[in-house]
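Novice: Please work out how this folds:
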Amino acid sequence: MASLAPVPAEVSPVRESRRWRVRRSLWVALGLSLVVHAVWSLWPADVPETPEDKVLTATLTELPAPPPPTAAPAPPKPKPKRPPAPKPAPPAPAAEPVAPEPPPAAAELPSESPAEAAAPPAAVEPPAPAAPPTPDKTLPPRVDLAYKVFLGTQGFLIGEATYRFEHEGNRYHIATVAQARGLAALFIRGRGKVESRGLITPAGLVPQEFAVERGSSDRREVARFDWDANTVTLHEDRVEALTPPSFDPMTVMWQAYFTPPTESRQTLFLVTTRRIINYTIEREATETIEWAHGAIETERWHRRSDDGNIDAYFWLAPRMHYALVKMRVSHSARGTVEAVLDAIRVDEPRTE
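Specialist: This is a model prediction of the structure:
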């Protein structure tokens, strides 16, 4: 009796090849999305939604000088106490009269020529007033440093990251205004923000609060600095000792702008919302690099993590008051992210 079981149809080699190509492309897309998501996690992504978050429009070609620190008002001096009135001195005894000396003879008087006697005294010309120094252009109240972010070092654009610096008096506020673009925009959703607030002092920036918001306001973490007690309160109210010099990730980007480095080796403490990192960075060489407005001479600084997994390079431009023009972060497991300064934007047009 013939079997009633269905005979499997022969699979076409063409159909099998198409199925393999589709399956392989899905795996490639999945793997690429995981790589991009992991690497992009090194960067803040913030989709502009409010007028304060929108990037500025006027563009500068060079970063002007930093604003001078504003000193705190000195306390009023106490009024001096009035000294007691001196006691009157006893009257001095009367002096004996002295005969006046006779006037000098005419021969003893200095002789003057008629011309010398008639001439007025020589006029002394006052010194010419010094020309007032030409003040350097100082940083406007708001400035955006806009970077293009690349995956690897071959120009594969994955996004933009903009850091806004605002200042008023001796107070500053730094915040991210960024948006994922290109391939990264397919995988990044939600809203995030990183910001720092503190004081501008003669020694540079002194952070008072550093905050990270991951996606929503209920996922906000804050580190609060208490410089009087030399402590910092991290996430979940954990208190750690604070050792100067200490900065958060936002202020460390701007610190060289306010206090140019004088040593080729800098050691500091980097404070995040969850931990404190001992951070040593060294100046390796000078290097001319390209940015949006041409070639510029820079100093290349290098930092390697203690475990050797992270290499970070920073290019600072002395001509632009040591502004951060380029940065590169390589992670042994996540790959390399590179960012290059693309634009300097301010509120209003400024003449160069």
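Novice: Now stretch 196-204: average pLDDT?
Specialist: Averaging pLDDT along stretch 196-204 yields 96.
Novice: Just list whatever residues bridge to Glu338.
Specialist: Phe150, Arg328 (DSSP bridges).
Novice: what residues are up against it?
Specialist: Val149, Phe150, Gly152, Thr153, Lys326, Met327, Arg328, Val329 (C-beta atoms under 8 Å, 6 or more residues apart in numbering). Yep, even glycine has a C-beta here, placed from its N, CA and C like the rest.
Novice: quick one: which of those is most hemmed in?
Specialist: Val149 (26 neighbours; other C-beta atoms under 10 Å).
Novice: Does that residue touch Ala339 like I think?
Specialist: Yes. Val149 is within contact range of Ala339, at 4.9 Å (criterion: C-beta atoms under 8 Å).
Novice: count of residues packed around Ala65?
Specialist: 13.
Novice: which ones are touching it?
Specialist: Counting by C-beta under 8 Å, 6+ apart, Ala65 has contacts Asp136, Lys137, Thr138, Leu139, His321.
Novice: Now list the buried members of these.
Specialist: The neighbour count (16 or more other C-beta atoms under 10 Å) marks Leu139, His321 as buried among the contacts of Ala65.
Novice: For the nearest residue to Leu151 once chain neighbours are set aside, what is the enclosing helix or strand?
Specialist: The shortest distance from Leu151 to any residue other than its chain neighbours is 4.8 Å, reached at Ile158 (C-beta to C-beta, 6 or more residues apart in numbering). Assigned by DSSP states H and E, Ile158 belongs to strand 156-168.
Novice: Summarise which helices and strands that strand is packed against.
Specialist: Contact here means 3 or more C-beta pairs under 8 Å, 6 or more residues apart in numbering; DSSP states H and E; on that basis strand 156-168 packs against helix 13-40, strand 142-151, strand 171-176, strand 179-180, helix 249-258.
Novice: Now with 6 Å, please.
Specialist: strand 142-151, strand 171-176 (3 or more C-beta pairs under 6 Å, 6 or more residues apart in numbering; DSSP states H and E).
Novice: Tell me who's in contact with the nearest residue to Thr57 once chain neighbours are set aside.
Specialist: Nearest residue to Thr57, sequence neighbours excluded (C-beta to C-beta, 6+ apart): Arg345, at 6.4 Å. Shown in contact with Arg345 (C-beta atoms under 6 Å, 6 or more residues apart in numbering): Leu56, Thr59, Asp144.
Novice: Can you give me the neighbour number for the last one?
Specialist: Residue crowding around Asp144 was assessed by other C-beta under 10 Å; the count is 21.
Novice: Could you do Ala241 as well?
Specialist: 11.
Novice: In the sheet, which strands lie alongside the longest strand along the chain, parallel or antiparallel?
Specialist: Across the chain, the longest stretch assigned as strand under DSSP state E is strand 276-291. Here strand 276-291 is paired, per DSSP bridges, with strand 265-271 (antiparallel), strand 294-304 (antiparallel).
Novice: my guess is Gln255 contacts Gly204, does it?
Specialist: Yes. Proximity of Gln255 to Gly204 meets the contact threshold set by C-beta atoms under 6 Å, at 5.2 Å.
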